[in-house]
Structure formats: C-alpha cells, structure tokens
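Enquirer: Sharing a model prediction with you, sequence too.
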Amino acid sequence: MIRKASRAVTVSALCAALLGGGLTLAASAPAAPAASGEKAPARYNAEQVHHFLQGFYGNHGPRQWERVNMVGDELKKRAEKNKKYDVLLCAQNNPRDISIGWVTTAQSAGVGWATVTTKWAHGPNQRFTAYVGLDASKPIKLIQIDCSPSR
C-alpha cells in the first residue's frame with residue numbers, strides 16, 4: 001500500500017508539473033472528446049511506451065543520441081547538473097543488463113510509466129521508475145525519472 005501511495009503522489013506531482021497548477025483537476029477527469037465535437041488527442045499506448053523504453057535503454061543504458069533526442073528538456077537540465085551521477089540510469093556506472101517491467105498509462109493525464117530494472121555484475125539489482133509523455137502529436141520522450149526504489 002505504501003508503494004501505491006508513493007507512486008500516486010509522484011504521478012500527481014508529475015501531472016501538476018506537466019499540466020500546470022490550474023489544470024490539475026482536469027487531468028484527473030476521464031479523457032473524452034470536447035463537447036464541440038473535437039476528437040480526443042492522440043496518445044501513445046502501453047505497448048508503444050514499452051517499445052520506446054526498451055529501445056531507449058537497450059542492454060546497457062541510453063547512448064548519446066538517445067540522451068540528446070529522446071529526453072524532455074527539464075530532465076535533460078537535471079541530467080546536465082549531475083555530472084557524477086547518471087540521472088537516466090539512477091547510477092554511476094553502466095549496468096550489465098536492463099529490463100523494462102509492465103507499463104501503466106494514465107491516458108487522461110498524458111503520462112505512462114514502467115519500472116526499469118538494472119542488473120549489475122556485482123551487487124543487487126536496482127529498480128527505478130521511468131515516465132514518458134503520451135502526447136502522440138509529438139515524438140515520444142522520457143520526461144521524468146524517479147530513482148527511489150520501486151518493486
């Protein structure tokens with residue numbers, strides 16, 4: 001239960017940051033077409049997010065191209081500030097292997113996430129959560145990382 005509460009708080013904070021304080025309540029409402037007949041915005045689905053994360057992380061972590069082209073601006077700034085720590089891997093070194101867990105999407109909030117497991121030659125596996133924007137009118141990008149342990 002604690003993990004779910006923590007993730008819910010993280011997602012809520014992420015939604016607030018992405019959508020702005022005034023639109024946070026709208027983010028919790030179900031996605032529906034506008035009354036004027038507009039279509040709901042296109043969103044990436046869980047399978048597409050999983051495929052993106054697998055390609056992004058590969059077996060040993062993102063390459064320079066992925067770091068430049070597939071990461072949101074705010075997360076890039078955070079990564080640039082941390083020269084001794086790889087924010088995108090929640091580590092200081094490259095892992096032996098990486099796997100992506102089940103993807104959850106909050107379509108109405110425009111955010112999807114999955115647990116990323118890094119496996120090391122020495123020491124225990126580590127887990128963190130990677131968040132992806134779902135707006136399909138834009139290229140899919142990694143928008144946030146939560147390095148606190150998840151299961």
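Expert: Perfect, thanks for sending it.
Enquirer: First-to-last residue distance for stretch 58-78?
Expert: End-to-end distance for stretch 58-78, by C-alpha to C-alpha, to the nearest Å: 21 Å.
Enquirer: what residues does it touch?
Expert: Outside of stretch 58-78, the residues within contact range by C-beta atoms under 8 Å, 6 or more residues apart in numbering are 52, 55-56, 79, 86-89, 94-98, 133, 139-145. The way it works is simple: take the backbone N, C-alpha and C, and place the C-beta from them, glycine included.
Enquirer: If we go by neighbour counts, what in that stretch is buried?
Expert: Using 16 or more other C-beta atoms under 10 Å as the test for burial, stretch 58-78 gives 61-62, 66-67, 70-72, 75-76.
Enquirer: what about that stretch, distance to the chain center?
Expert: Here stretch 58-78 shows a centroid-to-chain-centroid distance of 12 Å under the convention C-alpha atoms, centre = their mean, to the nearest Å.
Enquirer: Likewise for stretch 91-101?
Expert: 15 Å.
Enquirer: contacts for it?
Expert: Under C-beta under 8 Å, 6+ apart, the answer for stretch 91-101 is 50, 53-54, 57-61, 84-86, 89, 114-121, 126.
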